[in-house]
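S.K.: Quick one: sequence and predicted model below, then my questions.
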Number of protein chains: 2
Amino acid sequence: MSTLPGPGRRRGPSKGDRRERAILETACTLLARKPLADITIDELAAGADISRSSFYFYFDSKLAVVVALLHGLTGELGRDSGPWLDGSGPDEAALRRSLTALAVLWRDQGRLISGALAAAPGCPPLAEWRAGLRAAHVDRLAARISRDRAAGLAPDGPEPRVLAGLVDDLRTAAFAAAADPEALVDDLVTVELRMLYGDFRIPHPIR
Amino acid sequence: MSTLPGPGRRRGPSKGDRRERAILETACTLLARKPLADITIDELAAGADISRSSFYFYFDSKLAVVVALLHGLTGELGRDSGPWLDGSGPDEAALRRSLTALAVLWRDQGRLISGALAAAPGCPPLAEWRAGLRAAHVDRLAARISRDRAAGLAPDGPEPRVLAGLVDDLRTAAFAAAADPEALVDDLVTVELRMLYGDFRIPHPIR
DNA sequence: TCATGGAATCGACACTACGTCGAAAAAATC
DNA sequence: GATTTTTTCGACGTAGTGTCGATTCCATGA
């Protein structure tokens, strides 16, 4: 997007920017067809009409491309989660909006995201990206849990940060496994609300 | 364990069985030190005192070794889950026993299991193994959910199979991410019970 | 006791993918 | 149009995988 001196790139802005863009776009195109692990640097280079060794002028590795792609995604990843994470109480609508945005992202970029997650152990920059995302979510959700508990809106239970971590794990695993992430939103809404607010041990007048 | 003509193996039982065993044991030893992805066939062969090409006499690939290792594990994986899965209602103790057994397995064999999960897409036998495990759990848990709902013991909610799938996803993701799986058991017990029994919308006399 | 055939071993080879280097071509700059 | 910077590429070296055919080992039974 901007004219930053990308990781593998020397300096200054110029013609080669088109090539860099072409590599990124090739990566996207290929990711629409097959998983990240099946994409080789040859293909990326070929897609941008350069030789394989020229690829290395633009990026240090395949994963550097992934990092760049992810960079353009980090804004989207928290999209619409503000009202939910900054709110309080079982605000079903806000949670649904947050999860819907996330589901759309998984629908459109699932291969990229799950490829990145799979490569994260063994690739520090990706591990850092993943950890950052998770921390951002867990921090805010844990704070929300604490607020709700203090206000008597949520039952006691696991440490807020642990519980928030479990919610994050569940989201990621569920979306990664789902063929159609959007079809999962309603159920995830129900389940997350239960995880946070459903204390089955309280007076138990079910049915 | 038994004297089956393993996948990559030609025929008959004999001396080379010791070698086969040695390869398996080497794999275990190495897995205790580093992730599956970092283990090479050279190392496995060296650990069993044979040349790299001799390795292929015993196994077709590194993943075939993993499959063999997993084979000896499948019994353990459902260990102690009977009382929980065949029972009914929020039987916290039974669930805890089931999860404890699973946590121990993840503690001891975490590298093997997560390595197998990571390699599953792209390796049919492993994908099948994973799918089989998941299906076994989901089937029984979904049946349990249906029973409980029919008996008025659990609130309505997501399709039983979907909900069961989410529970399975959560377990796997949580244990895979946890440094100390056993420390997670209590919280997972709480959370799973909430997922299944906690309908936060019912008369809500929290606190 | 020794031939024979299957079990087991290995070296050499071919292949794929990765990443580096230095030299050359193309563009931009003055 | 000379110089400097950007961009390109072919050649090379590496690591890991998997295959093949030749060879050695060894138990068996004639």
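M.R.: Perfect, I can see it now.

S.K.: Could I get the contacting residues of the residue nearest the centre of chain A?
M.R.: Nearest to the mean C-alpha position of chain A, by CA atoms, centre = their mean, lies residue A:77 at 5.4 Å. Neighbour list for residue A:77: A:102, A:105, A:133 [criterion: CB atoms under 8 Å, 6 or more residues apart in numbering or on different chains]. No exception for glycine: its C-beta is placed from N, CA and C like everyone else's.

S.K.: Next up, the contacts around the first one.
M.R.: Contacts for residue A:102 were tallied using CB under 8 Å, 6+ apart; they are A:77, A:79, A:81, A:171, A:175, A:181.

S.K.: PyMOL command for the buried members of those residues?
M.R.: In PyMOL syntax, the buried subset of those is picked out as below (16 or more other CB atoms under 10 Å in any protein chain shown):
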select buried, chain A and resi 77+81+171+175+181
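
S.K.: Out of the contacts of residue A:102, which comes closest to residue A:61?
M.R.: Of all the contacts of residue A:102, residue A:77 has the smallest distance to residue A:61: 22.7 Å, by CB to CB.

S.K.: tell me the domain boundaries of chain A?
M.R.: A:16-68, A:73-197 (automatic domain parsing).

S.K.: Check whether the longest one comes near DNA strand C.
M.R.: No - contact check for domain A:73-197 against DNA strand C, using CB under 7 Å from any atom of the strand: none in range, with a minimum separation of 9.7 Å.

S.K.: How about that domain and DNA strand D, touching?
M.R.: No - if you take CB under 7 Å from any atom of the strand as the test, domain A:73-197 misses DNA strand D, and the best it gets is 12.8 Å.

S.K.: Just the closest residue of chain A to chain B, please.
M.R.: Residue nearest to chain B within chain A (CB to the nearest CB): residue A:198, separated by 2.2 Å.

S.K.: Buried ones in stretch A:152-166, by neighbour count?
M.R.: So stretch A:152-166, judged by 16+ other CB under 10 Å, has buried residues A:153-155, A:157-158, A:160-166.

S.K.: okay if I get the residues you listed as TSV plus secondary structure and pLDDT?
M.R.: TSV is the format used below for those (DSSP: H, G, I helix; E, B strand; the rest coil; pLDDT from 0 to 100):
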residue	secondary structure	pLDDT
A:153	coil	95
A:154	coil	95
A:155	coil	95
A:157	coil	95
A:158	coil	97
A:160	helix	98
A:161	helix	98
A:162	helix	98
A:163	helix	98
A:164	helix	98
A:165	helix	98
A:166	helix	98
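
S.K.: Among those, which pair sits farthest apart?
M.R.: It's A:153 and A:165 that sit farthest apart of those, by CB to CB, at 20.5 Å.

S.K.: one step back: just the contacts of residue A:102 now: which is nearest residue A:25?
M.R.: Using CB to CB, residue A:77 comes nearest to residue A:25 of the contacts of residue A:102, at 20.5 Å.

S.K.: Run through who's touching stretch A:109-117.
M.R.: By CB under 8 Å, 6+ apart, stretch A:109-117 touches A:28, A:31-32, A:34-37, A:66, A:69-70, A:73, A:105-106, A:126, A:129-130, A:172, A:175-176, A:181.

S.K.: Only the buried subset of the residues you listed, as a ChimeraX command please.
M.R.: Buried subset of the contacts of stretch A:109-117, written as a ChimeraX selection, criterion 16+ other CB under 10 Å:
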select /A:28,31,35,36,66,69,70,73,105,106,126,129,130,172,175,176,181
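
S.K.: out of the contacts of stretch A:109-117, which touch chain B?
M.R.: When contact is defined as CB under 8 Å from any CB of the partner chain, the contacts of stretch A:109-117 meet chain B at A:35, A:37, A:172.

S.K.: who's in contact with the residue of chain A closest to chain B?
M.R.: Shown in contact with residue A:198 (CB under 8 Å, 6+ apart): A:155, B:194-195, B:197-200.

S.K.: From residue B:32, how far out is residue A:137?
M.R.: Counting by CB to CB, to the nearest Å, the gap from residue A:137 to residue B:32 is 32 Å.

S.K.: Determine whether any part of stretch A:46-54 lies close to DNA strand C.
M.R.: Yes - interface with DNA strand C: stretch A:46-54 contributes A:52-53 (CB under 7 Å from any atom of the strand).

S.K.: quick one: buried residues of that stretch?
M.R.: By neighbour count on 16+ other CB under 10 Å, the buried set for stretch A:46-54 is A:47-48, A:50.

S.K.: quick check, nearest of those to DNA strand C?
M.R.: DNA strand C lies nearest to residue A:50 out of those, by CB to the nearest atom of the strand, at 12.1 Å.

S.K.: isn't residue A:192 right up against residue A:167?
M.R.: Yes - using CB atoms under 8 Å, residue A:192 is in contact with residue A:167, at 5.7 Å.

S.K.: Counting neighbours, go ahead and name the busier of those two.
M.R.: residue A:192 (25 against 22; other CB atoms under 10 Å in any protein chain shown).

S.K.: how about the helices of chain A, start to end?
M.R.: Listed in chain order, the helices of chain A (DSSP state H) span residues A:16-33, A:41-47, A:52-58, A:62-71, A:74-77, A:82-86, A:92-119, A:124-150, A:160-177, A:185-197.

S.K.: weakest of these by average pLDDT?
M.R.: Of all these, mean pLDDT reaches its minimum on helix A:74-77 (a mean of 87).

S.K.: What's the separation between residue A:154 and DNA strand C?
M.R.: 46 Å (CB to the nearest atom of the strand, to the nearest Å).

S.K.: Name the nearest residue to that residue, ignoring sequence neighbours.
M.R.: The shortest distance from residue A:154 to any non-neighbouring residue, by CB to CB, 6 or more residues apart in numbering or on different chains, is to residue A:148 (3.8 Å).

S.K.: In CSV, list the buried residues of stretch A:46-54 along with distance to residue A:188.
M.R.: Shown next, in CSV, are these (distance: CB to CB, whole Å):
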residue, distance to residue A:188
A:47, 35
A:48, 38
A:50, 42
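
S.K.: Who are the contact partners of the nearest residue to residue A:155 once chain neighbours are set aside?
M.R.: Using CB to CB, 6+ apart and skipping residues adjacent in sequence, the residue nearest residue A:155 is residue A:199, 3.4 Å away. Applying CB under 8 Å, 6+ apart to residue A:199 gives the contacts A:155-157, B:194, B:198, B:206.

S.K.: and what of residue A:154?
M.R.: By CB under 8 Å, 6+ apart, the contact set of residue A:154 is A:89, A:145, A:148, A:196-197, B:206.
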